[in-house]
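Participant: Give me a 3D structure for the following:
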Amino acid sequence: MPLSGSLGERIAKLRTENRISQKELADLLYVNQGTVSRWEKGTRFPEEDLIYKMAERFGVDPEVLLSASTERTPVILLVDQEKELAKLVPLMEKLVPEAKIFGASSVKKVVQLVKDQYVRIAFLETEIGQEGGGLLLAEGLMRLVPEINIIFLTNSPAYMAKAFRMHASGYILKPAEEDDILHEVRHLRYPVKALSAW
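Facilitator: Residues are numbered from 1 along each chain as shown. Coordinates of the predicted model:
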């Protein structure tokens, strides 16, 4: 059966054609329903052994799933004060049109976005929420998404040493200029294939 689309789209199509709910598929694979949902949204990928189990359950050649495109639109997350976001989001949309840009000014919103989206780059204000709060947030994001590129935005160079010890991708002193942002996106610690033409 020829299938097209992303891996998540193919899983969802095969699941619905086989009249299996996300919960039922999750139970068959010993994962939770949220995991299946994230696969279908394209925010996470199943391990290869689970792909083989799904192919067997759906009665298709594993290559139907393995050959699906795994490249997703990268998401850039900007975390700062609301007034700064009003300037940064349109600037980032202009500079990196290949990516979806999200702005957030609260830690709770950031965590939810990272769980729901394919965040590959996060520009974080070091002082979000509290003094040094951006550094704590960065540590949490790195645990959630180990290949995330953290680029710190700050008015103060005082946090630079801590940021470098964390192996952040970059560090920009405010105000962030176009050249600063472009430089950091072109020199990511974990390159993003969809931005490789840069």
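Participant: what mean pLDDT does the helix or strand where residue 77 lies have?
Facilitator: Applying DSSP states H and E as the criterion places residue 77 in strand 75-79. Throughout strand 75-79, pLDDT has a mean value of 80.
Participant: Mind listing the strands it pairs with, and their directions?
Facilitator: Strand 75-79 has the following strand partners under DSSP bridges: strand 100-104 (parallel), strand 119-125 (parallel).
Participant: need those in TSV with mean neighbour count and distance to residue 168, can you?
Facilitator: All C-beta atoms are positioned from the backbone trio N, CA, C, and that covers glycine. Rendered in TSV, the data for these read as follows (neighbours: other CB atoms under 10 Å; distance: least, CB to CB, whole Å):
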stretch	mean neighbour count	distance to residue 168
strand 100-104	20	18
strand 119-125	25	9
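Participant: could those strands be laid out in JSON lines, adding mean pLDDT and distance to residue 89?
Facilitator: Output for those, formatted as JSON lines (pLDDT from 0 to 100; distance: least, CB to CB, whole Å):
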{"stretch": "strand 100-104", "mean pLDDT": "88", "distance to residue 89": "5"}
{"stretch": "strand 119-125", "mean pLDDT": "88", "distance to residue 89": "10"}
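Participant: Could you dump those into CSV with distance to residue 149 added?
Facilitator: Converted to CSV, the strands paired with strand 75-79 look like this (distance: least, CB to CB, whole Å):
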stretch, distance to residue 149
strand 100-104, 14
strand 119-125, 5
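Participant: closest to residue 53 out of these?
Facilitator: With CB to CB, the closest approach to residue 53 among the strands paired with strand 75-79 belongs to strand 119-125: 27.8 Å.
Participant: Contacts for that closest one, please.
Facilitator: For strand 119-125, the surrounding residues in contact (CB atoms under 8 Å, 6 or more residues apart in numbering) are 74-81, 84, 88, 92, 99, 102, 110, 113-114, 134, 137-138, 141, 145, 147-154, 169, 172, 176, 181, 185, 188, 190, 192.
Participant: Now do stretch 49-66: distance from first to last residue.
Facilitator: Using CA to CA, to the nearest Å, the end-to-end distance of stretch 49-66 comes to 11 Å.
Participant: quick one: residue 27 is in a helix?
Facilitator: Yes: checked against DSSP: H, G, I helix; E, B strand; the rest coil, residue 27 lies within a helix.
Participant: what about it, neighbour count?
Facilitator: The number of residues packed near residue 27 is 14, by other CB atoms under 10 Å.
Participant: And it, how far from residue 15?
Facilitator: 13 Å (CB to CB, to the nearest Å).
Participant: mind listing what's buried in the next helix or strand after the strand holding residue 77?
Facilitator: The element immediately downstream of strand 75-79 (helix or strand, assigned by DSSP H and E) is helix 82-95. Of the residues in helix 82-95, 84, 85, 88, 89, 92 count as buried by neighbour count, 16 or more other CB atoms under 10 Å.
Participant: Also stretch 155-163?
Facilitator: Buried, per 16+ other CB under 10 Å, within stretch 155-163: 159, 163.
Participant: Likewise for stretch 136-156?
Facilitator: Neighbour-count burial for stretch 136-156 [16+ other CB under 10 Å]: 137, 138, 141, 142, 145, 148, 149, 150, 151, 152, 153, 154.
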